[in-house]
Structure formats: structure tokens, C-alpha cells
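need the 3D shape of this:
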Amino acid sequence: MYRTLPYADLHLGSNLRLFGQVIGAWVTDKEAVGGIDATGAELLQGFADIKLPLVSGTDLTLRGGRQLLSYGTERLISLRYGPNVPRSFDTALASIQSAPWRVDALYARPVRNLVGSFNDRFDPDRSLWSVYATGQFSEISSKPGFDVYYIGYQNALAEFNQGRGEELRHTIGSRFFGASTGWDWNFEGMAQFGHFGRGDIRAWSIASDTGYTFAGVTFSPRFGVRANIISGDRNPNDLVLETFNPLFPKGKYFGEIGLIGPYNLINAHPTLTLQLDTQWTLDLAAVLYWRESLGDGIYGPGGDLLRRSDDSRSRYIGTQTDVILGWQPVAWRSAALSYSVFVPGQFIRDTGPSKTAHFVGVEAMLKF
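Residues are numbered from 1 along each chain as shown. All right, here's what the predicted structure looks like:
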């Protein structure tokens, strides 16, 4: 896979901005090619900003057009930088900035990526609307911060283990994050309600990422643990849907191999990061996956249903190991070599093919 992302940014005075970015994305020697692999030449972003001062220290920015969206830790709205084609939205957005808070209100439709050039259009079946507030309570970025948000989502063609139907889902959540004296933390809680088909939605998720960096030790090791509990559907035969929907999550949610998506999961994810020198880093991780509910299946990163529950009583999905060697000699050039292996657990063996999966990735990036 290879891509190029040229852009132009024009500021007409201090209050008006025009931004445009095209993408060229292609892939070779891949059997099943989709729009997120190779979309040819497309408009990735094209929007206009106008900034309106309200009162002293408070500005309102209005933005319209095609753009990338990223909020929080990208658990719900992300750039999707794991696949070859980032995710764009056709969006109308209003943002108020008044330190220490920023509040965004938006309505958006995701762009549906198709193979071939200049044929990407917004998805008529899905829409997103949100009010998202984030506060950073110090000029030092590592100090504690807090997010609180509401996100609305509609999908006319949703599919879960329970079946297919129209989905109208509301998400409320908050995130607490920061760092102090070697520790760093990122905790988030989310609740969802709404309607799926003729039934109700009742879903939830709790996510965490906690670590400690030994700054005075050789290689400055950071030991961390990520953990998630993501609700699944209890009974596929009733009308209540309890499967959590992460909406538009980041591409590499659980590591490099990208086999499992954040639906119906309990996972533990210990990590170790080593700063080998000023240019080289080494990341080691293990991921253990269980089904949160035995009445639901497992899903891919894009929300596609990989395995139905099929009356399996096995909870354990599998074990994943990641090794990533990173190199960044200068700010504008970087590269990474990664290896991942996924060993299937009993649920995978119960419900279909269960071969061990290996993944090797080489990535290089130039910015100028």
C-alpha cells in the first residue's frame, strides 16, 4: 500500500482560512481490494473556516466542507490512520474556544470510499451529530484534562449478531486524562441508548490506559496496561440490543494486526515501551481477548460481523503479541517494522477455521 497526501493551506487575514488536500492511494498484490485500501485520486479534505471574535478571550469558528475529524483518544470519532485511506466526513461544524474549554457542535456524513478515482461521495445511509467539550486545566499539556460529550448516530443498514435493521443510537460519555510524577492515565466511560429495528439499545463501555515511565533508568522504560470492557448482546432472540457500537474508531485499535474490533469484548493489554536512543524505540505488547457476552459474536475493526455466537459457550477469543521497532532520525522522516501473531482461542475453534495468523508490516513516512 502506498499513498500521498499533498495539501494547500491559505489564510486570508486572521479570520478566514481555505484548506484543501487530495489523496492518492493505491495497493498492489492484494486479492480483495476495497475503498479503504485503494481509492485512487480523491478529495480528502476541502473546507473553509471563518473565525468570529465574540468577547475578550472567546472565539467562534464556523467550518464547512469535507474534513478529517478526531476527538479524544479516537475511540469513537477518528482519523482512521491504520488503513491506507483516512476517513473523511462532509461536515458543518461550529467551535467555541474559551480557555480552558473548547466546545464543538457538528453534523456530518461519513465519506464512502470506493475503488477508483473521484467517485467518493458521502454515505446516504449513515449520519453523525455531536456536541463535544474538552478542557485542559493547565497550559502544560501533561496536566489533567476532562472531556464530556454527546454523539448521535443513525445507520439505515446496520447489522449485528441479532440481525439487520435501522439503528438510531445516542452516546453520552466522559474522559479523564493527564500525567504527573511519572504516571500517565486515560480513563473513559460511555453509555448508549436508542433504537435498533423494533427494539431498544442499551449498551456501555469502560476503557482505560495507565502507565508509569522510569525516566532515570536506562532506555526510560514505560510499563503500561490498557483494559477495556465493551458490552455485547445478551440474547439475540429478544428485541433489546446490548452490543456497544464504537461508531468510527481508530484503525489500529488493538495493535498492528487489526483482526478484532471493539465490540462485545473484555481485553487486557500490557505494554512495554523502550527508548533505545534518540532515534530508536521498541514497543512490546500482548493482548488477551474474551467475549463480554456469550450471546453475541465478534466483529472486525469496521463493525463487520466476523463470527456469530452459534450457541458457543466459550468466552476466550485468542491471544495476540506485537513487536514494533520504530526509527525517527529527524522530524520529517520515520519508519517502523512490526510483527504480530494472533493465536485463536476456544471460541474461534468452536465457530470455524482457526489458524494462527501472522502479520509483518514495514512502514515509511516522509513529511515536508
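
on contacts alone, who are the packing partners of the top strand by length along the chain?
Across the chain, the strand with the greatest residue count (assigned by DSSP state E) is strand 163-180. In terms of contacts (3 or more CB pairs under 8 Å, 6 or more residues apart in numbering; DSSP states H and E), strand 163-180 is packed against strand 145-160, strand 183-196. Just so you know, the C-beta spots here come from the backbone N, C-alpha and C atoms, and that holds for glycine as well.

now the longest one, how far from the chain's geometric center?
Counting by CA atoms, centre = their mean, to the nearest Å, strand 145-160 is centred 13 Å from the centre of its parent chain.

cool, stretch 181-200 as well?
That offset, for stretch 181-200, works out to 13 Å (CA atoms, centre = their mean).

quick one: closest of the helices and strands packed on strand 163-180 to residue 14.
strand 145-160 (26.9 Å; CB to CB).

can you pull the buried residues of that closest one?
Residues 145, 146, 147, 149, 151, 152, 153, 154, 155, 158, 160 are the ones in strand 145-160 that count as buried (16 or more other CB atoms under 10 Å).

now those as a markdown table including distance to residue 290 and pLDDT?
Output for these, formatted as a markdown table (distance: CB to CB, whole Å; pLDDT from 0 to 100):
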| residue | distance to residue 290 | pLDDT |
| --- | --- | --- |
| 145 | 31 | 92 |
| 146 | 30 | 94 |
| 147 | 27 | 96 |
| 149 | 28 | 98 |
| 151 | 26 | 98 |
| 152 | 30 | 98 |
| 153 | 26 | 98 |
| 154 | 30 | 98 |
| 155 | 27 | 97 |
| 158 | 24 | 94 |
| 160 | 19 | 93 |
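
looking at these, which is nearest residue 115?
residue 155 (22.2 Å).

nearest the middle, which residue of the protein would you pick?
By CA atoms, centre = their mean, the chain has its centre lying nearest to residue 250, at 1.7 Å.

now do the contacts for it.
73, 74, 75, 78, 79, 80, 81, 82 (CB atoms under 8 Å, 6 or more residues apart in numbering).

so what strands line up beside the helix or strand hosting residue 266?
Residue 266 belongs to strand 265-275 when assigned by DSSP states H and E. Sheet neighbours of strand 265-275, with direction, are listed as strand 222-230 (antiparallel), strand 280-290 (antiparallel) (DSSP bridges).

for the stretch 101-250 of the chain, give me the ranges with low pLDDT.
Scanning the stretch 101-250 of the chain with the threshold set as pLDDT under 70 gives 138-142.

re the thing from before, how about CSV for the contacts of residue 250, with neighbour count and pLDDT added?
Below are those laid out as CSV (neighbours: other CB atoms under 10 Å; pLDDT from 0 to 100):
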residue, neighbour count, pLDDT
73, 16, 93
74, 19, 95
75, 23, 95
78, 24, 96
79, 15, 94
80, 25, 91
81, 15, 86
82, 17, 81
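
switch these over to a markdown table; also include distance to residue 132 and secondary structure.
Below are the contacts of residue 250 laid out as a markdown table (distance: CB to CB, whole Å; DSSP: H, G, I helix; E, B strand; the rest coil):
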| residue | distance to residue 132 | secondary structure |
| --- | --- | --- |
| 73 | 13 | coil |
| 74 | 12 | coil |
| 75 | 12 | coil |
| 78 | 13 | coil |
| 79 | 15 | coil |
| 80 | 18 | coil |
| 81 | 20 | coil |
| 82 | 22 | coil |
